[in-house]
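Trainee: Predicted model follows, preceded by the sequence.
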Amino acid sequence: MSMPLYGQNKVGNVVDNLVKNNGYREISVVTAGDASHTLSENDGGTIFITAALAASSVIQLPEATIDRVGLKYRVVMGGVLAAAAKISLPNAKNSVFAGVITQERCGNGAGVAEHATAVRMTTIVCLASSAEKTMELDENDETFGGAIGTDLTFEYVDEDVVFVTGVSTVNLATTALDGLQATTFTGTGY
């Protein structure tokens with residue numbers, strides 16, 4: 001790294017507080033315990049979930065603060081969810097989600113093939129004003145998603161807002177999707 005220009009690090013320790021988003025963390029532990037799935041600021045980058053996460057698992061994101069603006073997590077599912085799981089922000093803070101995700105039905109290597117039904121892909125819009133703190137996941141539920149191939153980016157864009165984009169896949173062959181902001185996102189965090 002080159003030397004900062006004179007005064008560049010003076011206000012707010014800007015140079016020393018640069019967010020790094022080039023890390024890699026693999027979550028391979030099958031547990032419902034929250035602590036083993038807590039992401040820190042140092043985990044910024046790609047989070048590859050290869051574990052068959054147990055029911056009620058929570059991937060805990062840190063609070064959105066002004067110092068974390070620019071922090072990103074790319075969460076990619078490579079394991080089969082045992083049942084419902086969550087990606088959550090702290091409940092006791094002002095952090096909320098905003099953004100647009102695409103929910104898409106997909107096949108998988110186990111033989112579940114795509115099937116033409118009324119709705120095979122939909123979009124879900126989440127507004128910051130809705131004050132949502134958790135994204136629900138359940139790969140076998142047409143309301144949620146989170147199957148293998150789910151690829152979501154969580155970007156800290158404001159002192160209270162984490163912007164989420166990407167694709168949440170559903171492992172169902174014949175059921176029309178009905179993902180809605182009111183069910184995919186909820187207002188209670190961890």
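Mentor: Nice, thanks for sending it over.
Trainee: give the contact list for V157.
Mentor: Residues near V157 by CB atoms under 8 Å, 6 or more residues apart in numbering: V69, A98, F163. Every C-beta, even on glycine, is put in place using the N, C-alpha and C of the backbone.
Trainee: Using JSON lines, lay out these together with pLDDT, distance to G79 and secondary structure.
Mentor: Below are the contacts of V157 laid out as JSON lines (pLDDT from 0 to 100; distance: CB to CB, whole Å; DSSP: H, G, I helix; E, B strand; the rest coil):
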{"residue": "V69", "pLDDT": "95", "distance to G79": "30", "secondary structure": "coil"}
{"residue": "A98", "pLDDT": "98", "distance to G79": "27", "secondary structure": "strand"}
{"residue": "F163", "pLDDT": "98", "distance to G79": "25", "secondary structure": "strand"}
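Trainee: Report the buried members of those.
Mentor: For the contacts of V157, a neighbour count by 16 or more other CB atoms under 10 Å gives the buried set as A98, F163.
Trainee: Which strand residues bridge G23?
Mentor: According to DSSP bridges, the residues that bridge with G23 are G45.
Trainee: That one reaches T46, doesn't it?
Mentor: Yes - judged on CB atoms under 8 Å, G23 makes contact with T46 at a distance of 7.3 Å.
Trainee: Neighbour count: those two, which is higher?
Mentor: Neighbours per residue (other CB atoms under 10 Å) separate G23 from T46, with T46 holding more: 18 against 15.
Trainee: in this structure, which spans are strands?
Mentor: With DSSP state E as the criterion, the chain has strands at 23-27, 45-49, 57-60, 72-77, 85-88, 96-105, 121-126, 134-137, 151-156, 161-170, 185-186.
Trainee: Looking at those strands, which is nearest to D178?
Mentor: Ranking the strands of the chain by proximity to D178 (CB to CB) places strand 121-126 first, at 7.5 Å.
Trainee: how distant is the closest one from the center of its chain?
Mentor: 14 Å (CA atoms, centre = their mean, to the nearest Å).
Trainee: What is the neighbour count of the nearest residue to A98 once chain neighbours are set aside?
Mentor: Distance criterion CB to CB, 6 or more residues apart in numbering; nearest residue to A98, sequence neighbours excluded, is A128 at 4.1 Å. Counted with other CB under 10 Å, residues neighbouring A128 total 16.
Trainee: And E26, by the same measure?
Mentor: E26 has 14 nearby residues by other CB under 10 Å.
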